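Novice: sharing a sequence plus its predicted fold:
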Amino acid sequence: MSTTRRQFLSTAAATAVATPHLLARAASAEPAAKSKNERAGIGAIGMRYQGTVITLTAQAHGDVVAIADVDRHVREQARAGFGSTPRIFEDYRQLLDRKDVDTVLIGAPDHWHVKMAVDACRAGKDVYVEKPISLTIDEGKLLRKVAQETGRVVQVGSWQRSDARFRLAVEMVRAGRIGKLKKVVCATGPNPAGGPFPERPVPGHLNWDLWLGQAPKVPYVEERCHYTFRWWYEYAGGKVTDWGAHDIDIAQWAINEYPVKITATGKLPNIENGYNVSTDFHALVRYPSGVELEVGEVGRSGVLFEGETGRLFVNRGTLDGVPVDNLKENPFPREQFQLYAFDNRQRPERVGKLDAIVNHMGNFFDCIETRKTPISDCESQHRSATTCHLINLAIRLGRPLEWDAEKEQFIGDADANTWLSRQQRKGFEVA
């Protein structure tokens with residue numbers, strides 16, 4: 001049975017309720033609407049779940065003129081939900097060919113992020129791509145290189161960087177409000193277990209071969225695609241990359257360094273046609289200054305910073321701790337509200353004042369106009385995703401790993417270095 005426009009809008013509204021942080025920010029302090037001739041033409045790729053949410057958010061800044069999705073039902077529902085005017089495509093490359101598309105939003109699964117973003121940059125489009133930025137470390141390096149070569153603005157959907165609580169937590173740590181930083185804890189929780197799942201005929205509305213892309217050709221299993229793709233290593237990295245792209249990113253932004261040693265353990269399921277990311281995992285990541293990052297099922301969801309003189313905790317609803325309470329009597333001077341991100345030479349580059357960003361999508365479109373670096377740029381997000389990938393690799397290889405962040409390779413471990421990339425199916429290479 002086909003889905004009506006009213007049903008689609010109800011679904012979109014439900015999605016918005018499930019992720020109010022995005023739409024609340026989109027609705028607050030938006031700039032005045034531009035004239036039709038001035039507004040960007042938006043092309044949206046991958047319209048289930050988060051793809052629809054970010055497209056709804058981007059409508060404050062441009063007009064949705066094209067939609068691509070490998071599922072015919074999804075793309076037709078999306079077109080109905082965005083005014084029935086966007087052109088729809090099964091193959092995203094046809095969307096990139098359109099001259100009325102200035103900006104591309106990518107909500108497809110993780111294993112498509114870099115391929116689509118690279119193709120969009122080379123087609124002359126600015127890109128908003130969902131987190132995590134990459135499926136592998138080498139993919140992230142490629143996107144960083146292409147973004148630099150083409151001069152395109154690339155914003156990654158690690159939106160916690162644009163949230164006042166998380167930015168203030170990072171600034172307090174960097175300003176020494178908890179003394180010398182000793183440890184950071186990110187509680188991601190375990191991955192779900194599941195399977196074996198049955199093989200089924202491919203639905204007539206789904207291009208399964210195109211959905212698989214670079215991943216191995218396998219029979220259709222319903223649980224491999226759409227939301228649950230996250231729990232398959234072929235397409236994603238489980239909660240380590242799903243939540244880590246948010247919380248590990250915030251942790252590393254505050255630590256202000258890159259990893260040197262990764263120790264991680266986890267249970268890898270061995271179930272045919274079943275979820276295959278580690279069900280239980282625990283990781284310790286060490287940084288040059290001696291700071292340790294602990295990741296796993298280790299407490300309250302969020303990021304806990306522990307210093308020599310205090311602690312503070314932050315998540316999507318909370319920023320608390322004695323140092324936070326002390327801000328009432330000892331606030332930051334306004335001019336000290338500065339945040340920094342590393343460039344690829346590990347020298348800090350100022351990216352803006354604490355109060356400079358209205359919302360994550362707004363920052364992206366502001367940077368399109370100014371050609372400045374967005375808050376979740378390729379370099380910072382590649383480095384955060386790298387840490388997530390390093391944890392997953394340490395789990396799968398079953399041994400501690402030493403990392404050279406400047407050369408972006410493992411030290412004294414040739415076998416581990418072969419895991420920086422994955423074999424890609426012919427015709428879908430990411431290059």
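Specialist: Cool, the structure landed.
Novice: show me the shaky parts of the protein.
Specialist: Residue ranges of the chain with pLDDT under 70: 1-37, 334-358.
Novice: could you chop it up by domain?
Specialist: As given by automatic domain parsing, the domain ranges for the chain are 5-160, 163-350+378-420.
Novice: out of the ones you listed, which gets nearest to Cys367?
Specialist: Smallest distance to Cys367 across the domains of the chain (C-beta to C-beta): 5.0 Å, for domain 5-160. (Glycine included, C-beta is placed from N, CA and C.)
Novice: what about Asn326, which SS state?
Specialist: Taking DSSP: H, G, I helix; E, B strand; the rest coil as the rule, one finds Asn326 in the helix state.
Novice: for the closest residue in space to it that isn't next to it in sequence, give me its contacts.
Specialist: Leaving aside its sequence neighbours, Asn326 sits nearest to Arg177 (C-beta to C-beta, 6 or more residues apart in numbering; 7.6 Å). Shown in contact with Arg177 (C-beta atoms under 8 Å, 6 or more residues apart in numbering): Gly307, Gly310, Leu312, Pro323, Asn326.
Novice: please apply the same query to Ala385.
Specialist: Lys131, Pro132, Ile133, Ser134, Ile137, Gly140, Thr241, Ala245.
Novice: what do you get for Phe410?
Specialist: By C-beta under 8 Å, 6+ apart, the contact set of Phe410 is Leu401, Glu402, Trp403, Asp404, Ala416, Asn417.
Novice: these in strands, which ones?
Specialist: If you go by DSSP state E, those have Leu401, Glu402, Trp403, Asp404 in strands.
Novice: the second one: what's it in contact with?
Specialist: Shown here is Glu402, whose contacts under the criterion C-beta under 8 Å, 6+ apart are Val260, Lys261, Phe410, Ile411, Gly412, Asp413.
Novice: now, among those residues, which is nearest to Ala283?
Specialist: Lys261 (10.9 Å).
Novice: the closest one bridge partners, please.
Specialist: Arg286, Glu402 (DSSP bridges).
Novice: name the SS class of the spatially most central residue of the chain, please.
Specialist: Among the residues of the chain, the one closest to the centroid is Lys131, at 1.3 Å (C-alpha atoms, centre = their mean). What three-state DSSP gives for Lys131 is coil.
Novice: give me phi/psi at it?
Specialist: Note on Lys131: its backbone torsions stand at phi -80, psi 160 [degrees, to the nearest 10].
Novice: which non-adjacent residue is nearest it?
Specialist: The spatial neighbour of Lys131 that comes closest, neighbours along the chain excluded (C-beta to C-beta, 6+ apart), is Ala245 at 3.8 Å.
Novice: surely Ile255 touches Gly290?
Specialist: No. Counting by C-beta atoms under 8 Å, Gly290 is not a contact partner of Ile255; they are 10.6 Å apart.
Novice: more neighbours: which of those two?
Specialist: Neighbours per residue (other C-beta atoms under 10 Å) separate Ile255 from Gly290, with Ile255 holding more: 24 against 12.
Novice: ok, now which ones touch the more buried one?
Specialist: Leu181, Val184, Tyr287, Ser289, Val291, Leu293.
Novice: circling back: now the contacts of Phe410: which count as buried?
Specialist: Neighbour counting over the contacts of Phe410 (16 or more other C-beta atoms under 10 Å) leaves Leu401, Trp403, Ala416 as the buried ones.
Novice: got those as CSV, with distance to Phe166 columns?
Specialist: As requested, these are exported to CSV (distance: C-beta to C-beta, whole Å):
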residue, distance to Phe166
Leu401, 28
Trp403, 25
Ala416, 32
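Novice: out of those, who's nearest Val104?
Specialist: Trp403 (31.8 Å).
Novice: how about Val430, secondary structure?
Specialist: coil.
Novice: inside helices: which ones of the contacts of Arg177?
Specialist: Using DSSP state H, the subset of the contacts of Arg177 located in helices is Pro323.
Novice: what subset of the contacts of Arg177 is buried?
Specialist: By 16+ other C-beta under 10 Å, these give Gly307, Gly310, Leu312, Pro323 as buried.
Novice: so where do the strands sit in the stretch 201-350 of the chain?
Specialist: Secondary structure of the stretch 201-350 of the chain (DSSP state E, counting those that start in this stretch): strands at 261-266, 281-286, 292-296, 302-307, 311-314, 319-320, 338-342, 348-353.
Novice: looking at the ones you listed, spot the one closest to Ala431.
Specialist: Closest approach to Ala431 among the strands of the stretch 201-350 of the chain (C-beta to C-beta): strand 338-342, 25.7 Å.
Novice: how about Thr263, nearest residue that isn't a chain neighbour?
Specialist: Pro400 (4.4 Å).
Novice: contact partners for that neighbour?
Specialist: Pro400 makes contact with Lys261, Ile262, Thr263, Ala394, according to C-beta under 8 Å, 6+ apart.
Novice: now swap in Arg72 and tell me
Specialist: Glu90, His205, Leu206.
Novice: rerun at 10 Å
Specialist: Ile88, Glu90, Pro203, Gly204, His205, Leu206, Asn207 (C-beta atoms under 10 Å, 6 or more residues apart in numbering).
Novice: also Glu369?
Specialist: Ala40, His61, Val153.
Novice: the first one bridge partners, please.
Specialist: By that I understand Ala40. Gly62.
Novice: pretty sure it contacts Val65?
Specialist: Yes. Applying C-beta atoms under 10 Å as the test, Ala40 and Val65 come out as touching, 9.3 Å apart.
Novice: top helix in this structure by residue count?
Specialist: From DSSP H, the single longest helix across the chain is helix 378-397.
Novice: and the angle from that one to strand 292-296?
Specialist: 60 degrees (axes from the mean of the first three to the mean of the last three C-alpha atoms, to 10 degrees).
Novice: coming back round to it: got a markdown table for the contacts of Glu402, with distance to Thr55 too?
Specialist: Listed next are those as a markdown table, based on distance: C-beta to C-beta, whole Å:
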| residue | distance to Thr55 |
| --- | --- |
| Val260 | 40 |
| Lys261 | 40 |
| Phe410 | 39 |
| Ile411 | 43 |
| Gly412 | 46 |
| Asp413 | 42 |
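Novice: could you identify the buried members of these?
Specialist: Val260, Lys261, Phe410, Asp413.
Novice: closest one of those residues to Phe365?
Specialist: Closest to Phe365, out of all of these and judged by C-beta to C-beta, is Val260, at 37.0 Å.
Novice: report the contact partners of that closest one.
Specialist: Contacts of Val260 (C-beta under 10 Å, 6+ apart): Val285, Arg286, Tyr287, Pro288, Ser289, Gly290, Leu401, Glu402, Trp403, Asp404, Ala405, Ile411.
Novice: cool, thanks, talk later.
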